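Novice: One predicted model, sequence on top.
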Amino acid sequence: MKAIPAALFFFMDDLKITIDTLTSDQKREFVDFMKRQQRHKDRKDVALFQALQQKKKLSPTELQRKIYPDAENSMAYYALRKRLMRQLSDFILLKRMEEDSTSASSVMGMVSLATYLFEARADRLAWNLLRKAEKLAAENEQFDLLNNIYNLQIEKADSEFADNLHQIIQKRNENKLAADEEERANIAASLIREQLTQVRAQGRDLHFDAIIQKVLHDFQLTEVAGRRPSIFYKLMTIARSAVLARKDFYQFEPYIIAQFQQLEQQSGFTKAQLHYKLNLLYMIAHVLYRNRKFSQSNAYLEQIYAELKTNTKSLFLQFYPRYVFLKTANLAFLEHLKEASELMQDLIEKQGNLLSIRDQLTAQFGLSFLYFAQENFKKANLILMRLPHSDKFCETKMGKEWVLKKNMGELILQIELQNPELAMNKVRIMERSFKNLLAQEAYHNVKGYLQLLKKLIEDPYLLDQPYFIELIEKELEFLPLEQEDIQSISFYAWLKSKILKRRYYDVLLELTAWKMPAKAVVN
């Protein structure tokens, strides 16, 4: 058998990586898509697609033998893989067009069809399509697409069905100015991201408002950001990423609320800009939740839900899971655990197949916490055990920190279920798997907390020793209670509840309400 070219190894990896991005439902849809393309029975493209999904990783030579067992056919195999990648690209493009909330794919489709109609001398239809494409692109601030549309309109301006050439040129020039603002905004956004990353790495205070305002001033974008929701949203997304990494929610809350209110008053949001508005409302609701202002957070969530009920299905599918995740978290801290559990369970049962991998994992992890808070430890543990993905896979979808939190939850559950050997094994795995992460200054408390749990597993009677409290104060460093991150409090509350010999949920509620819980009174 002829050797497979070295370049083919890279192609094969790219093909498998692309396939692995599909959900189980999308993989089934793709097989149907391939079968519709060609109707002959010998579907080697389907066979190759299925072979690439096997758990056992096959070498290029093994894959070739599997598809062409009776003959040496490297050239046919190479062509088959190219065809499969082309079909995969077409399928993903169609899915993206179905899910596109910004209408970019619709505009591109109209322009392509208009170009074809011009070539077929159907100028009237072509011009009608171009006008529709122009309107849609303008509503969605798609300046690059608008530039293509205006250039095509100028090229075809000699048609009897054309618009006035001078008006087209004027619109094209105005669009160039808006496109230039967009380009400057992209450069500014990258510089802001770089500066915030440097500040974060050096451990200094973020001062994101000063950093953002200086860069906007340098690029003459201060006024633009106040009237362009797309640019404002981009800037807030970058600032929020820095805030999430540093847990600096306390300062971010007043800043984003004030900026959002100013934007609403100055320019507001068009219907085409609704996804920016919903994302910004979610950011505000989330930072209020992280700052333990649960009722205020719910008020912003209700604004999101009101918009979702009256808008497109694609927006509902995109935002409703996030609405539920934050709503259930707020309800849990507002002493409505049962309602929160029912809402999350309803999401999983009714929309589980429609949820992305990220949303499925978030829903299951959230439901596990809700059962844990109700002291249903077996059910909480069962949910985590039944997650259909490895930690390595979860890390690619959710990030290292999420996997760390999941492992910490699993560890605490094993302690509650009185499985010290399993708990200690989990500690060892975490120390090995998260060694680099725990070495970072931002995870100082997590590392200290893990060491405290390790000591507790080795000697459960430590809870009755006064010096264990001193050990906690030595290992953990906290901000003032009203500024401390709610997730840090959630983990600390469990340890505190064990020392006080009280119900975890009660201690958690007292700590989030800025109260120092007292020891249980024994009658």
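Specialist: The structure has been received and is ready for your questions.

Novice: Can you give me the domain assignment for the chain?
Specialist: 6-99, 104-163 (automatic domain parsing).

Novice: Go through these and pick out the most buried.
Specialist: domain 104-163 (a mean of 17; mean count of other Cβ atoms under 10 Å). Any C-beta I mention is one placed from the backbone N, CA and C, and that applies to glycine too.

Novice: what residues are up against the residue nearest to the spatial centre of the chain?
Specialist: In the chain, the residue lying closest to the centroid (Cα atoms, centre = their mean) is Arg358, at 6.9 Å. The contact partners of Arg358, by Cβ atoms under 8 Å, 6 or more residues apart in numbering, come to Lys397, Met398.

Novice: Tell me, what's the model's pLDDT at it?
Specialist: pLDDT, Arg358: 90.

Novice: On the three-state scheme, it is what?
Specialist: Secondary structure for Arg358, judged by DSSP: H, G, I helix; E, B strand; the rest coil, is helix.

Novice: For the remainder of this discussion, apply numbering that starts at 214.
Specialist: In the new count, where the first residue is 214, that last one comes out as Arg571.

Novice: What residues does Asn386 make contact with?
Specialist: So Asn386 contacts nothing (Cβ under 8 Å, 6+ apart).

Novice: so where does it fall, helix or strand?
Specialist: Here Asn386 is covered by helix 378-415, with elements defined by DSSP states H and E.

Novice: Now find how far off-centre that helix is within its chain.
Specialist: When C-alpha coordinates are averaged (Cα atoms, centre = their mean, to the nearest Å), helix 378-415 and its chain have centres 24 Å apart.

Novice: what's the next secondary structure element after it?
Specialist: According to DSSP H and E, the helix or strand after helix 378-415 is helix 421-431.

Novice: quick check: angle from that following helix to helix 378-415?
Specialist: Going by axes from the mean of the first three to the mean of the last three Cα atoms, to 10 degrees, helix 421-431 is angled at 140 degrees with respect to helix 378-415.

Novice: List the buried residues of helix 421-431.
Specialist: If you call a residue buried by 16 or more other Cβ atoms under 10 Å, then helix 421-431 has these buried ones: Phe421, Asp422, Ile424, Ile425, Val428, Leu429.

Novice: Which residues does that helix contact?
Specialist: Contacts for helix 421-431 (Cβ under 8 Å, 6+ apart): 401, 404-405, 408-409, 412, 434-435, 438, 448, 452, 455-456, 464-465, 468.

Novice: ditto for stretch 592-603
Specialist: 570, 574, 577-578, 580-582, 584-585, 607, 610, 619, 622-623, 626-627, 630.

Novice: That stretch - what's its average pLDDT?
Specialist: 91.

Novice: just to revisit the earlier point, export the buried residues of helix 421-431 to JSON lines and append columns for pLDDT and distance to Asn638.
Specialist: Shown next, in JSON lines, are the buried residues of helix 421-431 (pLDDT from 0 to 100; distance: Cβ to Cβ, whole Å):
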{"residue": "Phe421", "pLDDT": "73", "distance to Asn638": "41"}
{"residue": "Asp422", "pLDDT": "77", "distance to Asn638": "46"}
{"residue": "Ile424", "pLDDT": "83", "distance to Asn638": "45"}
{"residue": "Ile425", "pLDDT": "81", "distance to Asn638": "46"}
{"residue": "Val428", "pLDDT": "86", "distance to Asn638": "49"}
{"residue": "Leu429", "pLDDT": "82", "distance to Asn638": "52"}
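
Novice: Asn566: which of those is nearest?
Specialist: Comparing the buried residues of helix 421-431 against Asn566 with Cβ to Cβ places Phe421 closest, at 38.9 Å.

Novice: Would you mind checking the average pLDDT for the host helix or strand of Ile470?
Specialist: For Ile470, the host element (DSSP H and E) is helix 462-479. The average pLDDT for helix 462-479 rounds to 88.

Novice: What residues sit buried inside that helix?
Specialist: Phe462, Tyr463, Gln464, Phe465, Glu466, Tyr468, Ile469, Ile470, Gln472, Phe473, Leu476.

Novice: Pick out the most distant pair among those.
Specialist: It's Tyr463 and Leu476 that sit farthest apart of the buried residues of helix 462-479, by Cβ to Cβ, at 22.2 Å.

Novice: Could I get the full set of helices for the stretch 264-413 of the chain?
Specialist: 273-280, 287-312, 317-332, 336-352, 356-368, 378-415 (DSSP state H, counting those that start in this stretch).

Novice: if we compare those, which one ends up closest to Glu548?
Specialist: helix 378-415 (35.4 Å).

Novice: report the angle between the axes of the closest one and helix 356-368?
Specialist: Per the same axes, to 10 degrees, the angle that helix 378-415 makes with helix 356-368 is 160 degrees.

Novice: Helix 378-415: which residues count as buried?
Specialist: Those would be 381, 384-385, 388, 391-392, 394-395, 397-398, 401-402, 404-406, 408-409, 412-413, for helix 378-415 by 16+ other Cβ under 10 Å.

Novice: who are the neighbours in contact with His420?
Specialist: Val412.

Novice: residue ranges with poor pLDDT in the stretch 264-413 of the chain?
Specialist: 310-316, 413 (pLDDT under 70).

Novice: so Leu487 sits right up against Ser527, yeah?
Specialist: No. Using Cβ atoms under 8 Å, Leu487 is not in contact with Ser527; the gap is 11.2 Å.

Novice: which one of the two has more residues nearby?
Specialist: Leu487 (18 against 13; other Cβ atoms under 10 Å).

Novice: from the chain's centre, how far out does stretch 325-344 sit?
Specialist: For stretch 325-344 - counting by Cα atoms, centre = their mean - the centre lies 39 Å from the chain centre.

Novice: now do stretch 717-728
Specialist: The answer for stretch 717-728 is 29 Å, by Cα atoms, centre = their mean.

Novice: likewise stretch 280-287?
Specialist: 42 Å.

Novice: Now do that stretch: distance from first to last residue.
Specialist: Using Cα to Cα, to the nearest Å, one end of stretch 280-287 lies 11 Å from the other.

Novice: What of stretch 269-276?
Specialist: 11 Å.

Novice: Break down the stretch 414-563 of the chain into its strands, ranges please.
Specialist: Using DSSP state E, counting those that start in this stretch, the stretch 414-563 of the chain contains no strands.

Novice: if we can go back for a sec, buried ones among the contacts of stretch 592-603?
Specialist: The buried subset of these - by 16+ other Cβ under 10 Å - is 570, 574, 577-578, 580-582, 584-585, 607, 619, 622-623, 626-627.

Novice: Closest one to Ala652 out of those residues, please.
Specialist: Lys619 (19.9 Å).

Novice: wait, isn't that closest one in contact with Gly612?
Specialist: No. Taking Cβ under 8 Å as the definition, Lys619 is not a contact partner of Gly612, at 11.0 Å.

Novice: Tell me the first helix or strand C-terminal of the strand or helix carrying Leu708.
Specialist: For Leu708, the host element (DSSP H and E) is helix 699-713. Note on helix 699-713: by DSSP H and E, the next helix or strand toward the C-terminus is helix 717-725.

Novice: Just the C-alpha atoms of that next one, please, in CSV.
Specialist: The C-alpha trace of helix 717-725 is given here as CSV (Å, rounded to 0.1, in the frame of the first residue of the first chain):
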residue,chain,number,x,y,z
TYR,A,717,-25.5,24.3,55.1
TYR,A,718,-28.3,26.2,53.4
ASP,A,719,-29.1,28.3,56.5
VAL,A,720,-25.5,29.3,57.0
LEU,A,721,-25.2,30.1,53.3
LEU,A,722,-28.2,32.4,53.4
GLU,A,723,-26.9,34.2,56.5
LEU,A,724,-23.5,34.8,55.0
THR,A,725,-24.9,36.1,51.8
